[in-house]
Each structure stands twice: as C-alpha cells, then as structure tokens.
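> Sequence isn't available, so here's the structure alone:
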C-alpha cells in the first residue's frame with residue numbers, strides 16, 4: 001500500500017467512515033426520526049463506498065462531506081421510494097374499497113362469506129343439474145345469464161308461458177331440495 005492510497009483511497013475514507021459512523025447515525029436519526037432507519041443508512045453508506053472504484057475515491061477532496069452527501073442522497077431515495085409505495089398502495093386501495101364517511105369499506109365480501117356463497121352456489125347448481133333439460137336451459141338463461149322471459153322464449157323457440165312454467169318448476173324444485 002502506498003502513501004498515496006492511504007491518503008486518497010479506500011483505507012482513508014473507510015477510516016473516516018469508521019470514525020464518524022456514530023455521528024452519522026445520530027445525524028440521520030434526527031433527520032428521519034428513526035434510529036433503525038439511520039443505522040440502515042449508515043450501513044448503506046459503507047456499502048456504497050465499497051462499491052466505488054479506487055479512482056473515484058481518489059478524487060474525493062472532502063471525505064466527511066462526501067459521507068454526509070451519500071447518506072443524504074440515500075435518505076432522500078428512501079423517502080421517495082416510500083412516497084411511491086404509498087401512492088401505489090393508495091391507488092390500489094381506492095380501487096378495492098368504497099369510502100363510507102371517513103372509513104374505507106372493502107368492496108369484497110369476507111372470506112368466510114365468500115366460501116359460504118360458493119358452497120351454496122354449488123348446492124344450487126347440483127339441484128339445477130337434476131332438472132329436465134329444457135327446464136334447466138330456461139332457468140340458466142333467465143337466472144344466470146339475465147335474459148328476460150321473452151328473450152328466453154325466443155332463444156329456446158318456445159312460448160313465453162312455457163318459459164314461465166319452466167322457471168316456476170325450477171324454483172319449486174330448488175325450494176324443496178335445498179335446506
């Protein structure tokens with residue numbers, strides 16, 4: 001190791017970093033309000049220094065100022081990252097919820113309600129599967145696809161009265177078979 005490296009290279013800046021580490025942590029702790037975040041920033045400063053080529057380190061004329069500048073840039077990068085994450089979370093949340101007064105309310109049902117609804121739908125579909133084919137098709141078109149009685153009649157090529165009878169028969173069967 002030459003004297004020039006000791007004065008201008010990695011060992012010099014690492015020695016200054018080691019000497020100033022506790023001051024860096026105190027400074028960034030006061031800026032961020034978090035000792036843990038300040039410790040992370042101080043660690044990231046060392047990582048950043050270790051990643052720089054010797055030629056870049058040799059050009060640093062004020063190493064202490066350099067350490068604080070690197071730390072400040074890291075702190076700002078973290079703040080920007082948190083803001084972007086918060087904006088992303090807010091955008092996602094606003095798509096998934098409805099605002100009722102001051103409280104956000106999820107548009108999705110509770111997991112146990114959704115599971116119960118799926119089980120109930122499976123039961124309904126099992127009973128519908130036992131219906132006569134024409135009755136089953138009429139029920140499916142009207143109740144599940146949302147067609148009117150007249151549209152179902154045209155689609156199946158039967159009278160509207162026949163559609164109404166099929167739907168009534170399907171509903172009676174469901175009421176009788178389902179608990």
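That came in fine, so what should we check first? On a predicted model such as this, the values are computed, not experimentally measured, just so you know.
> list the contacts for the closest residue to residue 137 other than its chain neighbours?
Nearest residue to residue 137 in three dimensions, chain neighbours excluded: residue 156, at 6.2 Å (Cβ to Cβ, 6 or more residues apart in numbering). Any C-beta I mention is one placed from the backbone N, CA and C, and that applies to glycine too. Going by Cβ atoms under 8 Å, 6 or more residues apart in numbering, residue 156 touches 134, 137-138, 141, 163.
> Just give me the closest of the residues you listed to residue 78.
Using Cβ to Cβ, residue 141 comes nearest to residue 78 of those, at 57.1 Å.
> Now for the closest one, how many residues are close by?
Neighbourhood size, residue 141 [other Cβ atoms under 10 Å]: 21.
> how close does it sit to residue 157?
As for residue 141, its distance to residue 157 is 12 Å (criterion: Cβ to Cβ, to the nearest Å).
> Please give the element, helix or strand, for residue 127.
helix 111-128 (DSSP states H and E).
> which strands and helices sit next to that helix?
Secondary-structure packing of helix 111-128 (3 or more Cβ pairs under 8 Å, 6 or more residues apart in numbering; DSSP states H and E): helix 160-177.
> For the helix it packs on, list every residue counted as buried.
For helix 160-177, burial by neighbour count (16 or more other Cβ atoms under 10 Å) applies to 162-163, 166-167, 169-170, 173-174.
> could you dump those to JSON lines with distance to residue 53?
Formatted as JSON lines, those follow (distance: Cβ to Cβ, whole Å):
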{"residue": "162", "distance to residue 53": "85"}
{"residue": "163", "distance to residue 53": "80"}
{"residue": "166", "distance to residue 53": "81"}
{"residue": "167", "distance to residue 53": "79"}
{"residue": "169", "distance to residue 53": "83"}
{"residue": "170", "distance to residue 53": "77"}
{"residue": "173", "distance to residue 53": "80"}
{"residue": "174", "distance to residue 53": "76"}
